[in-house]
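In: What follows is a predicted protein model with its sequence.
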Amino acid sequence: MRHFSPEGSFRLRASPFPSREGCPQGGVCDWVPSVFVRAMTMLQHAIAILLVPLFSATVIALFLRRQGALASYVSVAAAGAVAAIAIILLQHGERFERQVEWLRFGDFAISLGIKYDDLAALMLFVVGFVGFLIHVFSLGYMHDDAARARFFGGLSIFMFSMIGIVLANNLFMIFIFWELVGFSSWLLINHYHHKQSAADASKKAFIVNRVGDFGFLLGIIMCYWLNHTVEFTELADKAPKGELVYSTLIPLLLFCGAVGKSAQMPLQVWLPDAMEGPTPVSALIHAATMVAAGIYMLCRVNVLMVADALNVIMWTGTITAFYASLCAITQRDIKKVLAYSTLSQLGYMVAAFGLGALAMENGEHRLAIATGVGAAMFHLTTHAFFKALMFLGSGSVIHGCHHEQDIFKMGGLRKKMPITFITFSIGVLAIIGMPGFAGFFSKDAILYLAMENNKVVFALLALTAVITAFYMVRVWKLTFLGEARSDDASHAHESGFVMTVPLIILAILSVVGGTWFLPIGLYPKLAGSIAELIPEAHGSAHLTILLVSLAVMTVGAGAAALFYKTSANDTLEEKSPGLFRLLGQLKESFDKLYDYYVAKVQQRFAMLLNFLERIFLAETIIQGAARVVGFIGLGARALYTGSLHAYVYWFLLGTAVLWAFAAGVFN
Amino acid sequence: MIPLLAAATYGLPSYLLLSAVLFAIGFFGVLLRKNTLVIYMCLELMLLASTLALVAFSRFNGTLDGSVFVFFVLTIAAAEVAVGLAIIVALFRQRHTIQVEELNHLKH
Amino acid sequence: MSPELLHNVAASNEWWALTPEIMVACAALGLLVLEIFTPREDHRFIPQVAVMALLFALAAIVLRYDRVVDGEELFGGLIKLSPLGQVARVFFLLSSLLVCFLGSICLPRTRLPRVEFYHIVLVVTAALMLLAQSNHFVMFFVALETVTVGFYILVSYFRDHPLTLEAGLKYLVLGALSSAIMLFGIVLLYGAVGRVEIDGVVHTGFEYGTVANFLRENPDNFLGIAGTLLVIGGVAFKIGAFPFQIWIPDVYQGAPTPVTAFLAVSSKAAGFAVLLTLVVNVFSPLSAVLVPVLSVLAAATIIAGNLSALSQRNAKRLMGLSGVSHAGYLLIGVVAALTVPSAAGAVWFYLFTYLLASMAVFGVMAYLAGVDDTAQELDHYAKLARERPLLAAVLAVGLGSLAGIPPLVGFMGKLLLFVAAFQAKLYWLLAVAIVGVVLSIYYYFGWIKAAWFDDLSGNAAQAPARTVASPNWLGRTVLTALALATVVLGFFQGPLATWLMQ
Amino acid sequence: MPETALLLQLAIATPLVSALIIALGLPKRFATKLAAAAFTLPALAALVLWAKYPAEGGSRYHYLSSLDTGLASFGISLKLGLNGIALPMFLLAAIVGIAAGLYALRSQAERLKTYLVLLLIMHGGLLGVFASVDIFFFYFFHELALIPTFIMVGIWGGRDRNYAAMKMTIYLTVGAMLSLLGLIAIYVKSDANTFDLIELKRAVAAQGIAAASQQNIFGLLLIGFGILVSLWPLHTWAPLGYGAAPSSAAMLHAGVLKKFGLYGLIQIALPLLPDGAAQWVWKLALLAAIGNVLVIGFVTMAQRDLKQMLGYSSVMHMGYCFLGLAALSTIGTGGVVLLMVAHGLSVALLFMLATSIQLRTHTLDMSDMGGLAQKTPVLAAFFVAATMASIGLPGFANFWGELTVFVALWNFSKWITAVAIAGVIISAIYGLRAAARVFFGQPTKALQEVTTAHPPADLDWAERLPALILLAALLCFGFYPKALSLPVDQALAPAPKSVAAAPVSFQR
Amino acid sequence: MADTLFIILAVLTVVSALLVVVNRNAVNAAMFLIVSLVGMAGLFVLLDAPMLAFVLLLVYAGAVVALFLFIIMLLDTTPGAQKPYSKVTLAASLLGAGLMIVGICTLSNRAVLPHAPEQVAVPTLKNYAEQLFTTYLLPVQVVGFMLLIAMLGVIVLSKKFETTEGAK
């Protein structure tokens, strides 16, 4: 039961202290130019990795708005530097935490700090490396885009913000960069801003995220006032001493942030629309990194978790996973399919996190989370690899097919774009959990957790896996097999090296990325102590899980492979339109609901208030009062009749009043 | 010369009352009459009413100042009359009327 | 009366103390002499003579200023010197100077004699100065009546205009009425006090001091109270306090613009000088009655003045009605003066600000007034900012100061009054005053708008704008000086404040 | 006198004096140069004073200097100085002032000289407001800055300017009068016989004002200042006035002058009337939360006119400031100061850009715009940045203000905190919607006609410079808020007495 | 005997004053004014001020009322030209009268008068002169000026001017 060992979880929490000295399996850091390592301390590396993309973004924004090419090179260079430093930090293995006070009022202070532990190391590698590959890919993909500078500038801002989240050592700092990734995602979705759909999608994404952040910020503030700190290390240190004030509300509120960012139900609506952005953006932000930030954040604050909150989280994740996979079946747009699969995979991760605790629900709260964190982060990593791979693959396809995105207008691309085909196929195999591929291991870990803890969840997740295999194979078959169903597809061509090389690298990672148990495995090198938290099934459980996942994969994939004909229209729609429509509505319902709310409820309410404001407040009361005074004024003016007698009467009146005063009438 | 008042029992109050009545009558005239000249007479009447009280007080308080003040009041009244009548005459030249109700062009 | 007593009395007639008044009065006589003995073409210099006389009188006061012993009684108690009396003298001389200036603008438009105008203005000025220093009801009444008679003539001076004469008649009748009322009040006081003999010297109800003592000893004597209130009623006519303000708009409109200014500034200020002296020095024992009476007067005056001014479009009537509201604010100061000594200074400060501001406005009005002096509509001010920016600027400054807007001096005046009122705990009066100020903003800005804003908008087209003669150097200098004084004193009250707040 | 104090006086005097010079008939080409100098110098001076401000400034006033204007007997004297709270506001006034001035210089306003004169007077008044220690002159300078606003709205204003000018005038005069009464009341009730804030604080510390009168005076000040700061429901002048006001006037008023009321509450009302404050905060907080934040938030959503939308949004953000004050704690007050500065900068930038947009689209109706970003990318970038700032995106100064205010609010009331944070969503909605309607998507028919008639040019440098100044300031304080918060924190260090009244610990 | 005299004179004065107010003809009004003046002069005599009575008759009956009559003749306002009073006027006048009566009643009820001292000598012309030329010298001067401006005023207001100097 190694994965349940206190050490595992303890080391996770105690990770500010170097968990590994020096550089094991030293071979890896031989190719790293050791000058870097000696030149700067690791802290300076960390600061550099944060600032390099910011610098590139600033330079681009200020000077390179018109030099698109130059801007792209600067940005890619920055991303390369990030990746390099990430690897240096990872291999150097030092773990540290520093912070500097940024704002203080009385005894309340907000500080920015860097917490570089195993969790951060893993995430930083994923972000840096995948990000770098995607940058390179974009060089080709966005080559003839007019607003290249803006695009790459946006990418750099995103890298900066994302790395900020990864390195943050307290909740306020996470929130700051949380907002910033939201902004950069808005910027990049809005890249084709002349398209109304893009403008709307970006707006939707930002606002929906704000809704999530509403809870997030409340949670942070509540956590601050309950524990008088929001620093992860301090919180973690309070926990064993029993000083930590637990409240179900805090984790739930914080989870709201994750719901928004990781597009869980009911805030999942923005992610599919976000596909309006350029494909590399979808790959980087809306598949690999940003949407995973929610899970990362949950792992960060795991000490605050309590059982009820975890329960909610688990169910949210499960339902999202299942719902999204259903929605994915009927999509025609290749990116939409991938988007929904992303949703459901994120649901997997969230569910994994939520499952983690329940494994240990015996009062031993401190240990509870470990397995969940392990599984979630594991899946996050592998998913980052293969989903980025598939998005880039789809990007390459779209690029080849002259920006045709409808899978029913593709087909027969296997010969035209062989590299894309192979790499994409690897991605598909990885996501549907073909043994030996990355997805297989991570998904198994999660399924095992589920089986251990909650059969219903287990069933749902397994079913999700079936459907996942089903629609992925559907896409794969319709896209690459058969004959070209449109002249765009028939004239498709393989993309250049700039785009294929990243595909290949990601494909390799999608294969080896999940080998955590072998001594030569890659994941432990990346994740360090996190890797040791992954729940590992033994004996019978191991067998069942293995069988289940194999069965799941074969059933789903086989069904899709047999069922779908490579024709111009959806076979399911022909066979059973009822089911098709049902699934379609399943997807539509949420958008409809939200649109109805925005257009009919919210806007009408605003109009009503505006009407009241204008008519009632501004006009009736104020104007009314003014008019009344005006009338009185006219009346007062009318007293000056010009007749002497009237005036004499006034004098008489005045004298009489004075006389009355003298006679003491008024007192 | 024997003070006539030595024998009188109608004292200061009656004089004060009388002057008040005259004052009121004058005021009433100013209210009532429409002929500017008559209004002006009534105003003079009011002044004289005050004068009467003044003399009475002066007499009964045994201070001469009141009576001296009467000289000033009379002179001032005369001067006012002169100016007033001049204005009225000039007005009549312009408007050919001295009826108050027709002199209400300045209003509002 | 023994001869030596008479001798003493005669000896107490220290004429030197009245040098300024005597100078002004003699100058008035001199004007007539000059008119007779100089050829006609030289008559246009006569106004300059008047101005010189006023300036000399001013100099005389400034030179003799420090020699004044506070509370020194002259002429056997007819006159009482006091610092505020000096202030009043300076005030009246200044305002008469400006009235002469206005006259030099307006009179040449008519075919009327001018020398008499300046003569009467000078005599009235002398009377005003005496009035402010009088310490005896006889002196008080005589001086007051001199002023009133002078104003009868001045108001109807443009006698070839029927409206002017109508105004003259109204002022005549109502003025005489108020004089009668006041006289009756004086008589009642005289009678109530009776004969007071202190170590052989006989005092009567004409002397302020005696009245004050009497009221202090028996404050609930009906005759005393009635007389007091009737006198206040007479003064209320001068200052235009509700309901005795009713004559103001008509007379202001009908009177020639310089006379309107004279009425608005000097006559009102005379009223307040008298009121302050009487209320603070004489009637103060009756504060139980006076405070409610004056408070009601003040509140009613503020409200009546502002409300009736709201929709007024005739410039002169507007000045009159807004002047009424200013009288209301000043009355608050008078009430406060019963309890807070510094309030008197505040009232005089306010009067000075009022002098500067309204004289500036009247100056502009004098330039805009056409041949028909009584018809000065706000519409005539359209395009003023374009054609005569100087006049428009001076107008804006003056009106702003009247409205009590910082940094203009009018605001300081209001501030000092309000502070005094606060110290006197007259909270509800303050509330009324605030409402009044807000209302006044409306019509003052309406006027400024007419002069400044509308020329850019469309509705200026049909406004019958007048062609305004450009002021000569004198006019430019005086108006600029007034405006600058209004602004600078707003920033830096130094001399004026320290002089008045002693 | 130390040269820093001299510098402070100079910064205030320069605009006023140059206004006088120009008014006395300086030829136009010199006038513009002089005005430019007069707008720039205070900004430089403010930067110097800011840089020179001692790190351990404490709550004292610095750069003190005093001048007797003849009302010393009344305890009134022109006493200038800056403390930790005044310093940021002074800086704000200077920065917005230079931006507004530069923008005014390029605007082809008819009768430019008068325009500049009024603007300079306004600027001088603004600087004076925040530099005056004497609360009488504090009020005095405010009015000095307020009057030109009315005139500018009246003369150079846009749609129904006469009505707007009159309404603004009446409203703000009422507010000013009430607050003046409040100040006089403090003067009288404190028995200190002085308007000098330092003396007043000392006097009150020695022997506070009676609780009853404290409550009345605070109420007076709250209503008076509330009108000036557009506290719901006394706000109706704001959208109308800003909708009509010429850009520079709107920038200075909405950006700086409006903060007068809040500044007064922080500097004067809270320290001098702690008990009164404690009795009013709940009313204040409810009004601000329900009225300013929620109601006005929704009303803002419904606006179609760009400037009106901005006006309403600034009304809404004032709600946050009031809430921060209601928290009655160092955090809240400090947050309010940050928020005032940040909002001042951002709203000024927004009003400026709104005018620039209007110059290109010849309309302010957002439903007649769209797709402008294709024609004017730089303008779009600036506008988006300003919008993001105003909806509290990290990296801009506003974020820190709002964050600290929210944190402070929690101790006051959780529910009001929730409402306030919900307001952040609302502002995101209308902010992004505005940006999208104006710049993104496809241009409307109406706009296409206009743009074909006279094709819009992107921001020229005369417009970019002020925008850059404001944006740079926003970013500076956004990236390093401590530059602002340090003096404020020190000024608040001996926290208002009423903090004791407010619950500090969470457990209750 | 003095009492009867007082009563007679008082009645005479008041009645004639009332007639001044009420009758319609301006000339008659002036006449009745003279009558009431005579009555008042009589009262002055009763009050041991024959001097003042003399002056009163001289100035008023002699000069003022004569002037009035003169002007009335000059402007010859036709008697009865006056329109009958409107209801409002009458009501208002009644109200005014009521107010005055109430006022007089309050006066007669509330007035507290200083009791007269023992006899003092009847003032002679010499006394007046002394007072006027010592104590009240200044007011006398002022009154002089007032008469002067009154005279000038009358001239300005009534004299016909040919084009005065400088007037364009």
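Out: Received, thanks.

In: Do a quick rundown of the strands in chain D.
Out: Secondary structure of chain D (DSSP state E): strands at D:62-67, D:78-82.

In: Let me see the residues that make contact with the last one.
Out: Same thing as strand D:78-82. Residues outside strand D:78-82 that contact it (C-beta atoms under 8 Å, 6 or more residues apart in numbering or on different chains) are D:5, D:8-9, D:12, D:49, D:53, D:61-69, D:90, D:128, D:130-134, D:137, D:196. Every C-beta, even on glycine, is put in place using the N, C-alpha and C of the backbone.

In: which of the strands of chain D is buried the deepest?
Out: Among the strands of chain D, ranked by average contacts under mean count of other C-beta atoms under 10 Å in any protein chain shown, first place goes to strand D:78-82 (a mean of 24).

In: okay, and for chain C, where does confidence drop off?
Out: Within chain C, the segments meeting pLDDT under 70 span C:1-13, C:65-69, C:454-466, C:502.

In: list the contacts for whichever residue of it sits closest to chain A?
Out: Residue of chain C nearest chain A, by C-beta to the nearest C-beta: C:L310 (3.4 Å). Residues in contact with C:L310, defined by C-beta under 8 Å, 6+ apart, are A:V629, A:G630, A:G633, A:L634, A:A636, A:R637, C:L439, C:Y442, C:Y443.

In: which one of these sits closest to C:D372?
Out: For these, the residue nearest C:D372 by C-beta to C-beta is A:R637; the value is 21.6 Å.

In: Nearest to chain A within the stretch 1-150 of chain D, name that residue for me.
Out: Closest point on the stretch 1-150 of chain D to chain A, by C-beta to the nearest C-beta, is D:G84, at 11.3 Å.

In: let me fix that: chain B
Out: B:K107 (2.8 Å).

In: what about that residue, which SS state?
Out: At B:K107, secondary structure determined by DSSP: H, G, I helix; E, B strand; the rest coil is coil.

In: So for it, what's the pLDDT?
Out: As predicted, B:K107 sits at a pLDDT of 82.

In: For it, which non-adjacent residue is spatially closest?
Out: A:G642 (2.8 Å; C-beta to C-beta, 6 or more residues apart in numbering or on different chains).

In: element containing the one you found?
Out: Taking DSSP states H and E as the definition, one finds A:G642 inside no helix or strand.

In: near chain E, which residues of the stretch 51-200 of chain C?
Out: C:75-76, C:78-79, C:108, C:110-114, C:116, C:119-120, C:123-124, C:126-127, C:130, C:138-139, C:142-143, C:145-146, C:149-150, C:152-153, C:156-157, C:159, C:191-195 (C-beta under 8 Å from any C-beta of the partner chain).

In: Which of those residues are buried, as a PyMOL select command?
Out: A single PyMOL command selects the buried members of those (16 or more other C-beta atoms under 10 Å in any protein chain shown):
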select buried, chain C and resi 75+76+78+79+108+110+112+113+114+116+119+120+123+124+126+127+130+138+139+142+143+145+146+149+150+152+153+156+157+159+191+192+193+194+195
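
In: which ones among the residues of the stretch 51-200 of chain C next to chain E are found in helices?
Out: Counting by DSSP state H, these place C:116, C:119-120, C:123-124, C:126-127, C:130, C:138-139, C:142-143, C:145-146, C:149-150, C:152-153, C:191-193 in helices.

In: And residue 45, what's its pLDDT?
Out: Picked chain A for this. 84.

In: Switch to chain E, please.
Out: Looking at E:V45, its pLDDT stands at 89.

In: mind checking which helix or strand it is in?
Out: Going by DSSP H and E, E:V45 is in helix E:26-46.

In: can you tell if that helix touches chain B?
Out: Yes. Part of helix E:26-46 sits near chain B under the criterion C-beta under 8 Å from any C-beta, namely E:A26, E:A29, E:A30, E:L33, E:S36, E:L37, E:M40, E:L43, E:F44, E:V45, E:L46.

In: Which of these ranks first by neighbour count?
Out: E:M40 (31 neighbours; other C-beta atoms under 10 Å in any protein chain shown).

In: what's the residue lying closest to that residue once chain neighbours are set aside sitting at in phi/psi?
Out: Excluding the flanking residues, the one nearest E:M40 by C-beta to C-beta, 6+ apart is E:T13, at 5.4 Å. In terms of degrees, to the nearest 10, the main-chain angles of E:T13 are phi -60, psi -50.

In: what about the closest residue to chain B within the stretch 451-600 of chain A, how many neighbours?
Out: For the stretch 451-600 of chain A, the nearest residue to chain B under the criterion C-beta to the nearest C-beta is A:K600, separated by 55.5 Å. A:K600: 10 surrounding residues under other C-beta under 10 Å.

In: Tell me the confidence at it?
Out: On the pLDDT scale, A:K600 gets 81.

In: That one: what's it in contact with?
Out: Counting by C-beta under 8 Å, 6+ apart, A:K600 has no contacts.

In: Does D:I121 touch D:P15 like I think?
Out: Yes. Using C-beta atoms under 8 Å, D:I121 is in contact with D:P15, at 7.2 Å.

In: ok, back up a step: these two touch, right, the residue of the stretch 1-150 of chain D closest to chain A and D:Q490?
Out: Yes. The criterion here is C-beta under 8 Å, and D:G84 meets it with D:Q490 at 5.0 Å.

In: List the contacts of the closest residue to D:L372 other than its chain neighbours.
Out: Closest residue to D:L372 apart from its sequence neighbours, by C-beta to C-beta, 6+ apart: D:F439 at 4.8 Å. The contact partners of D:F439, by C-beta under 8 Å, 6+ apart, come to A:H193, D:M369, D:G370, D:G371, D:L372, D:A373, D:A380, D:F383, D:V384.

In: go on, E:R110?
Out: E:R110 is in contact with A:A663, C:F222, counting by C-beta under 8 Å, 6+ apart.

In: ok, it to C:D220 distance?
Out: 10 Å (C-beta to C-beta, to the nearest Å).

In: Break down chain B into its helices, ranges please.
Out: So, for chain B - with DSSP H - the helices run B:12-32, B:36-61, B:65-95.

In: Export the ones you listed as TSV, with columns for distance to chain A, mean neighbour count and mean pLDDT.
Out: Shown next, in TSV, are the helices of chain B (distance: least, C-beta to the nearest C-beta, whole Å; neighbours: other C-beta atoms under 10 Å in any protein chain shown; pLDDT from 0 to 100):
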stretch	distance to chain A	mean neighbour count	mean pLDDT
helix B:12-32	5	23	89
helix B:36-61	8	27	90
helix B:65-95	12	23	90
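
In: residue in chain D nearest to chain E?
Out: For chain D, C-beta to the nearest C-beta, closest residue to chain E: D:G25, 31.5 Å.

In: Neighbours of that residue, how many?
Out: 9.
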